[in-house]
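[1] Whatever this is, show me its structure:
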Amino acid sequence: MKSYVSDHQLIKEFVDGNPAAMDILISRHKQKVFNYLKFTVQDEMLAEDLFQDTFVKVINSLRNGNYIDEGRFVSWVMRIAHNLAIDHFRKGKNYKEVSHMQGEYDLFNDSKLSAKSIDDVRSKEQVLDEVKNIVKILPEEQRAIVIMRLYLDMSFKEIAELTNVSINTALGRMRYALINLRTIAEEKKLDLTY
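    Numbers count the residues shown, from 1 in each chain. A predicted model of the protein is given here:
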């Protein structure tokens, strides 16, 4: 049985001429990077294209010696994916808001709801829809933090590295986002309990 090989070792092996090492790296981090892109762009085909573009850039950067290994390979890859998504939106000027997922899995209709009564399910769905609509109103930086933290389950450290800010800044943005969410809910007289 083969023991776990670190990202650092796989990067070294790839740079030294072993292409199979990149296959392992891609396989290891594919789900996280792809899910981030899919949630960000709300289009599975586009997410696949951006995912491939991300790893083409990763491969080229590694081959050209443009990566300094500080033990944060996946954060570096996520940053590349993030920048490619932003570039896509800037080119098309068609930034999509958070909405129901169009794919096979719908964040707002989790299978855990099936054990509850129909009224409970409707109530929860209504609350989630209201929260989703309030999140759309937040300033872009706060909206991004909420999406990454609550919907993509990223740590504040990962968010800070991805958005190129300090952890304290990421925490502050989340705090302000929650304050704004409460304020907007109160202004709209929304009952966010179920």
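[2] how does this protein divide up, domain by domain?
    By the assignment in automatic domain parsing, the chain contains the domains 1-96, 98-194.
[3] okay if I get those as a markdown table plus mean pLDDT?
    A markdown table is the format used below for the domains of the chain (pLDDT from 0 to 100):
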| stretch | mean pLDDT |
| --- | --- |
| domain 1-96 | 86 |
| domain 98-194 | 73 |
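[4] Reformat those domains as a markdown table; add mean neighbour count.
    Backbone N, C-alpha and C define where each C-beta goes, glycine included. Shown next, in a markdown table, are the domains of the chain (neighbours: other C-beta atoms under 10 Å):
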| stretch | mean neighbour count |
| --- | --- |
| domain 1-96 | 15 |
| domain 98-194 | 15 |
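[5] List the contacts of the helix or strand hosting His88.
    Assigned by DSSP states H and E, His88 belongs to helix 73-92. For helix 73-92, contacts defined as C-beta atoms under 8 Å, 6 or more residues apart in numbering pick out 7-8, 11, 25, 29, 32-33, 36-37, 40-41, 46, 50-51, 53-55, 57-58, 61, 67, 95-96, 158, 161-164.
[6] Identify the residue nearest the geometric centre of the protein.
    Tyr36 (3.2 Å; C-alpha atoms, centre = their mean).
[7] For that residue, what is the enclosing helix or strand?
    helix 19-41.
[8] Using PDB, write down the CA coordinates of that helix.
    What follows is helix 19-41, C-alpha atoms only, in PDB (Å, rounded to 0.1, in the frame of the first residue of the first chain):
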ATOM      1  CA  PRO A  19       3.400  14.100 -15.800                       C
ATOM      2  CA  ALA A  20       1.500  11.500 -13.700                       C
ATOM      3  CA  ALA A  21       2.200  13.700 -10.600                       C
ATOM      4  CA  MET A  22       0.000  16.400 -12.200                       C
ATOM      5  CA  ASP A  23      -2.800  13.900 -12.700                       C
ATOM      6  CA  ILE A  24      -2.700  13.100  -9.000                       C
ATOM      7  CA  LEU A  25      -2.700  16.800  -8.100                       C
ATOM      8  CA  ILE A  26      -5.600  17.500 -10.400                       C
ATOM      9  CA  SER A  27      -7.600  14.500  -9.100                       C
ATOM     10  CA  ARG A  28      -6.900  15.500  -5.500                       C
ATOM     11  CA  HIS A  29      -8.100  19.100  -5.900                       C
ATOM     12  CA  LYS A  30     -10.600  18.800  -8.700                       C
ATOM     13  CA  GLN A  31     -13.800  18.800  -6.700                       C
ATOM     14  CA  LYS A  32     -13.000  21.900  -4.600                       C
ATOM     15  CA  VAL A  33     -11.800  24.000  -7.600                       C
ATOM     16  CA  PHE A  34     -14.600  22.800  -9.900                       C
ATOM     17  CA  ASN A  35     -17.300  23.400  -7.200                       C
ATOM     18  CA  TYR A  36     -16.000  26.900  -6.600                       C
ATOM     19  CA  LEU A  37     -16.100  27.700 -10.300                       C
ATOM     20  CA  LYS A  38     -19.500  26.100 -10.900                       C
ATOM     21  CA  PHE A  39     -21.000  28.100  -8.000                       C
ATOM     22  CA  THR A  40     -19.300  31.300  -9.100                       C
ATOM     23  CA  VAL A  41     -20.300  31.200 -12.800                       C
END
